[in-house]
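Enquirer: everything below, folded, please.
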Amino acid sequence: MNIPKIILASKSPRRQELLRQMDVDFEIVLKEVDESYPESLTPEEVAVHIAEKKAKAYDGTLNDEAVLTADTIVTIDDLILGKPADAADAVRMLKLLSGRVHRVVTGVCILYKQQYNLFHDVSQVFFRKLTDAEIASYVEKYQPYDKAGAYGIQEWVGITAIQRIEGSYTNVVGLPTEKVYQQLLRLSAL
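Expert: Numbers count the residues shown, from 1 in each chain. Below you'll find the model as predicted:
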C-alpha cells in the first residue's frame, strides 16, 4: 500500500498506538488550535468541526504529506462532555454516565493535496451503575483529565463498568481505525 507520509496532529498516546497497530508510519507535529465551536452544532458536527479546525492549522505548510486530525467527544442527554477541567468535573461527568447509555463521537479530518476528507463515527456505550466510591477512586488513581467524558475504555472503568458497546471499540479509544484505514487506502490511489 502506497500511503502518503502521515503527520499525526495529536498528542494522544492512544491515537499514536492505534496508528502503530495499523502499521502506518507517521510523524507527530503539534500546533495549538482553538477548539471552540458554535453552540448550534450537533455532537457529530462539533467533532468534525474541531477536527477540521485542527487540520486547517497545517494548510499551506504541506508538500506530499497528509495530516490526520481527530476529535473525540462524549454526549449524553444532548450534553457534550469534553475533557474534565479538574477532579470535581471528572466526578460530575462519571456520575452523569453511571448506569446509562451514552454516545462517543469521533470526528476525523485527513488533509491531503489541499482536500479536506472529513468523516465521523459514533459508538454507543452502556455503563453499569457506579458507586460514588468507585468514581472517586477511579478519578484519584487514573486522573482522566485528558479524556473526553472523564474515562478511558482501556482503563479500570472500561474493563469493569462497560457492559457493552454498539459500534467501533477503537472509536471509543479515540480513532475509528477501520474508517481511517479505508480513507488512507482511497488517498493512496490519488
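Enquirer: name the single longest helix found in this structure.
Expert: helix 43-56 (DSSP state H).
Enquirer: which other helices and strands does it contact?
Expert: In this structure, helix 43-56 packs against strand 66-76, strand 101-112, strand 115-127, with contacts taken as 3 or more C-beta pairs under 8 Å, 6 or more residues apart in numbering; DSSP states H and E. In this view, the C-beta of every residue, glycine as well, is placed from N, C-alpha and C.
Enquirer: most remote residue from the middle of the protein, which is it?
Expert: Ranked by distance from the centre of the chain (C-alpha atoms, centre = their mean), the top residue is A133, with 27.3 Å.
Enquirer: how about it, phi and psi?
Expert: Per-residue torsions, A133: phi -70, psi -40 (degrees, to the nearest 10).
Enquirer: if I look at it, how far off is Q163?
Expert: For A133, the distance to Q163 equals 20 Å [C-beta to C-beta, to the nearest Å].
Enquirer: go on, A90?
Expert: Taken as C-beta to C-beta, the span from A90 to Q163 is 21 Å.
Enquirer: who's more crowded, those two?
Expert: Neighbours were counted for A90 and for Q163 using other C-beta atoms under 10 Å; A90 has more, 26 against 10.
Enquirer: list the contacts of that one.
Expert: Contacts for A90 (C-beta atoms under 8 Å, 6 or more residues apart in numbering) come out as 84, 139, 144-145, 150.
Enquirer: please consider this matter closed, and thank you.
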